[in-house]
Structure formats: structure tokens, C-alpha cells
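Asker: make a model of this:
(one chain, ligands or ions: 2)
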Amino acid sequence: MERGNCDSDRAAHPGVFLSRGSGKSDPQPAGRSLDFPVSVVLPAGGTGERTGLQTPKQFCSFLGRPLISYTIQAFERVSWIQSIVVAVAKENMDLMTDIIQRFQHRKVRAVPGGSTRHRSICSGVLALREKEQEGKERLALDRPKVVIIHDAVRPFVEEDFLYKIAMAAKEQGAAGAIRPLVSTVIATTSEGYLDHSLERAKYRASEMPQGFRYDVIYQAYQRCTESDFEFGTECLHLALQYCGTNAKLIEGPPTLWKVTYKRDLAAAESIIKETLSRSACIVTGGSAQAAALADALQKAVGALDMELDIIPELKGDNGRYLLKEWNFIQVSVSHPCLSGVDALLADLEAANRALLHPLVVIWVHLSGSDELSISRSMAKHVAIMDLGSAAKLRNILLYGIQLHQSEDTEHWERSVLRAAEITSMLIRERSPALVGQLLQA
Ligand SMILES: Nc1ccn([C@@H]2O[C@H](COP(=O)(O)OP(=O)(O)OP(=O)(O)O)[C@@H](O)[C@H]2O)c(=O)n1
Ligand SMILES: O=P(O)(O)OC[C@@H](O)[C@@H](O)[C@@H](O)CO
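Answerer: Ligands and ions are numbered 1, 2, ... in the order given. Reported below is the predicted structural model:
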């Protein structure tokens, strides 16, 4: 009798589909293509006990966005992946549905997971049997030829490696990521003493993603035992044990690690922030003075391991920066005018880029020597504070940096270096506390 579900008391759930948001995810990289349908199962039904936190780790947020949303995005950006099923604990179905909606994830549906990881994965695999239905319209999605299974708490996965796993799974029936062991594996006696140690060079750590021909993983879950469901941790083993399918093992990059302990959450946040902070686009408005300041800043931030692209305006071909850059610097000289910043904020809102990550906009103002009146200075501070408060509601973090013209070369160079250091810190830290502040370089 075909196993219709993975927990004794549970029918296969078709999954909750949300209308596909018009949300712009990152532009699809000009990637590869596959001539067979591939779907993904993300087991996310755990409680994350080893983090010691109340919130399951897959729902812990970085920069205002849950970890699972980063993992989903890593897959939905891959053009040859037709659909993604996330298996979550029943009590988290509404939360997962809200995350899919709020971050306008596409190709994604949530299904109830199970009491163990294997049961959650099995629920996801069974859900892929159903023709995916959205509203009244039936989606012309075929049952996948290959299923990629990937822990939802492994957010750093790249298309190239997914491609290798999917191709190997199609050819071999199963494929899995491996990594060298860091520690030696030892066997202990029942009294807690060393029994023997394994020769580390002969063994590898089994990681994710893993890939399977649909029929292989489906049959494996149909044939495995309740003990497998309860205590097993290795899908590749099920494929070998119950389908005679010997997985192709492919060494993956070190970025495939799994968020398990609380320290891993801090590491993941640091990597995400570092990834978002590598570059920025500086808009000069076309003036020679602003361009000269931009050149000086570009050199100074280069020494801080950050790249600046300098453009006169975000029009025409330069509009592409609105779709790919996470950080922008708008330069104004002499007249403390925020109209350029206003226009940039409007462009960013139209591009809907702040949906997934907080964007950083820095207004760099080079004030003339004559601009020392207290009232004008106060007006600037109030203006950027107001604009910053409004932009923050749209997940755009607006900061200001003011430099003063100086004929003294040494003084000027020190100002530019301070401006570069402040710029790098603001982009790296994305601190909500400094939003709307006009910092002095
Ligand atoms: N019943 C379960 C248990 C785990 N998982 C998922 O399997 C992946 C890897 O498992 P693990 O790191 O062990 O997650 P947890 O079980 O949540 O962690 P812990 O063992 O610390 O509770 C995670 O994405 C987790 O959400 C799942 O889908 N269903
Ligand atoms: O054992 P845990 O539930 O912490 O994590 C699951 C891992 O074991 C699993 O993802 C890989 O070993 C590949 O099977």
C-alpha cells in the first residue's frame, strides 16, 4: 500500500500557495539552463534546540529578514528551478505563509513538516506529486525529474554547485555534497572510553544540497522503516538501502555549512552584512567638484576593501545600478540641497529594491566656506532627519556626512579619509540608530 504520508496521522498536504507577488527579486543572473524539471524541498520544521533560543533558527532575522528567506532567495534566483516546497511545523504554517507573502517569494509553497527531519523531507517530496495549483488556475508544472533537498538553515548556496548536484542526480539517481572532516571520528565503549578511531582521510562530512531523481527519493520514502523516519539523518543512505542507488559525492565549497548553534547565527549575520557591504554607487550629479570629491572618496574607500562606482546620474544605462546595488552615495556641493537624495529615494522605491534588504543611502555634502550660518546648518540637520525617518519606513537607511572645503591639503585629505571611514562603517553596520544623522568628517 502506497505510503500517503510521513507521519502516521497526517494526509499529504497539497501546500499553501500564495499569489505570486510582483516583487522584484534580484535580476536573474545570466545563468545556465537544464532540459529537465527540477524542484526543491527545504526542510524547515525543526525547533533549533541547539541554539538555545525560543525562536526556531530558520525564523531568526538578520537585517529584518528571516534566515529562511535568504535560503529561499538563493534558490528562487536560479532560473532552472521550477518550484520550491518548504516543510515547516504545523504551528508555523501561518508564519511561513506570511514570510512568503511579505518578501514576495515566487515559486514557493509551504507544507506541514513532520516530527523528524526525514518526515518533513518526505512531506515535501509527497507534495511535489501534486500538480501545483494556484487559485483556480492549474500551473503547468510537471512532476520534477530531479528533487534537490537542502536544509533551510544553510543559506549560502550557489547556482554553480546546485547545477553540479542536479546533473549528477539525473545521471546517477542521487548526488550529495561532502566536505573534509575537521575533527577525527572516534568510537566509544559503553563505559565512555575510546574504543577506536577512524582514519580521517577515508571519511567525509555529508552536507547539503543533495539531489535525487524523483522516483528514487519517492520510492526510498515508500520503503523505509519507521526507525529510519525516527532516527535517520541521511537521505543518501535511504537511496542506497532501499533503491540500490549509489549517490555521486561532490566536494562542495566551505559555504555550505549549517546554522546549528547560536554562534552560527552571528556568523551568518556577519557574512550577510559583509556581502551587502562590498560596493556602492556614488552619484555626482555631474559637477566637476562633486566628481573630484567622488574620486578622492573612491581611492580612500578602496584602501578599506570597498569598491565605489562613480556615475553622474542614475539615468539611461546607469539605471541598472538601481536593480543590483545595495548602497548609494549622493554628492552635493555648496548648496545643501537634498533634491538629489529625494529623487534617488523615489527611484529606489519604484525599483522595489528595499524589499529584501535594507538599502543604504548616504548624502555627502561638501559645504562651502561661506556656509557657516547656524540657521542654515540647523535647517540641513532637520531636513535630513525628516527624510531619514520617512525613508526608514521603506527599509531605506539614509545617513548624512558633511565635509568642509579646505585649502589646507593635509586638512582636506584627513577629512576625505574620515568621510571614507564613516561611509564604510555606515554601509557595513546599517545601524538604524544613525538614520537621519548628519555626521561631520
Ligand atoms: N522535524 C524536523 C527537524 C528538522 N528539520 C529541519 O532540518 C534541517 C536541519 O536540521 P537541524 O539543523 O537539526 O535543525 P533542528 O532540528 O531545528 O535543530 P536542533 O536539532 O538543534 O533542534 C533544519 O532546517 C530543520 O528545520 C525539519 O524540517 N523537521
Ligand atoms: O543532523 P542534523 O539534524 O543537525 O542536520 C542534518 C544533517 O545531518 C544533514 O543535513 C547532513 O548530514 C546531510 O544528510
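
Asker: okay, now the unreliable bits of this protein?
Answerer: Where the chain drops to pLDDT under 70, the residues are 1-2, 5, 7-31, 131-141, 336, 369-375.

Asker: again, only this time at 80
Answerer: 1-31, 130-142, 334-337, 368-378 (pLDDT under 80).

Asker: for it, which segments count as helices?
Answerer: Taking DSSP state H, the helices of the chain run over residues 67-76, 93-102, 117-127, 159-172, 214-223, 226-231, 235-243, 262-276, 288-302, 321-324, 339-351, 374-392, 409-429.

Asker: the second one close to ligand 1?
Answerer: No - judged by Cβ under 6 Å from any ligand atom, helix 93-102 and ligand 1 are separated, with a smallest distance of 11.2 Å. Yep, even glycine has a C-beta here, placed from its N, CA and C like the rest.

Asker: just the helices of the chain: most buried one?
Answerer: The highest average neighbour count among the helices of the chain, using mean count of other Cβ atoms under 10 Å, belongs to helix 117-127 at a mean of 26.

Asker: mind saving the C-alpha coords of that helix as CSV?
Answerer: C-alpha atoms of helix 117-127 as CSV (Å, rounded to 0.1, in the frame of the first residue of the first chain):
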residue,chain,number,x,y,z
ARG,A,117,13.7,15.8,9.6
HIS,A,118,13.1,12.7,7.4
ARG,A,119,9.3,13.1,8.0
SER,A,120,9.5,16.7,6.9
ILE,A,121,11.5,15.9,3.8
CYS,A,122,9.1,13.1,3.0
SER,A,123,6.1,15.5,3.3
GLY,A,124,7.9,17.9,0.8
VAL,A,125,8.6,15.1,-1.6
LEU,A,126,5.0,13.9,-1.5
ALA,A,127,3.7,17.4,-2.0
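
Asker: gap between Ser277 and Val147?
Answerer: 35 Å (Cβ to Cβ, to the nearest Å).

Asker: of the two, who's got more company?
Answerer: Just comparing Ser277 and Val147: by other Cβ atoms under 10 Å the higher neighbour count belongs to Val147, 28 against 20.

Asker: surely the more buried one touches Tyr221?
Answerer: No - if you go by Cβ atoms under 8 Å, Val147 and Tyr221 don't touch, sitting 10.9 Å apart.

Asker: shared neighbours, these two?
Answerer: Val125 (Cβ atoms under 8 Å, 6 or more residues apart in numbering).

Asker: what residues does the stretch 1-150 of the chain put near ligand 2?
Answerer: Of all the residues in the stretch 1-150 of the chain, those lying near ligand 2 are Arg117, going by Cβ under 6 Å from any ligand atom.

Asker: what does the stretch 151-300 of the chain give?
Answerer: So the stretch 151-300 of the chain meets ligand 2 at Asp151, Ser206, Glu207, Met208, Thr233, Glu234, Cys235, Lys258, Thr260 (Cβ under 6 Å from any ligand atom).

Asker: what's the most distant pair in the residues you listed?
Answerer: Cys235 and Thr260 (18.0 Å; Cβ to Cβ).

Asker: distance of the closest residue to Ile311 other than its chain neighbours relative to ligand 2?
Answerer: In space, and not counting its chain neighbours, Ile311 is closest to Asn318: 4.6 Å by Cβ to Cβ, 6 or more residues apart in numbering. Using Cβ to the nearest ligand atom, to the nearest Å, Asn318 is found at 43 Å from ligand 2.

Asker: for ligand 1, what are the nearby residues on the stretch 201-350 of the chain?
Answerer: For the stretch 201-350 of the chain, the residues in contact with ligand 1 (Cβ under 6 Å from any ligand atom) are Lys258, Thr260.
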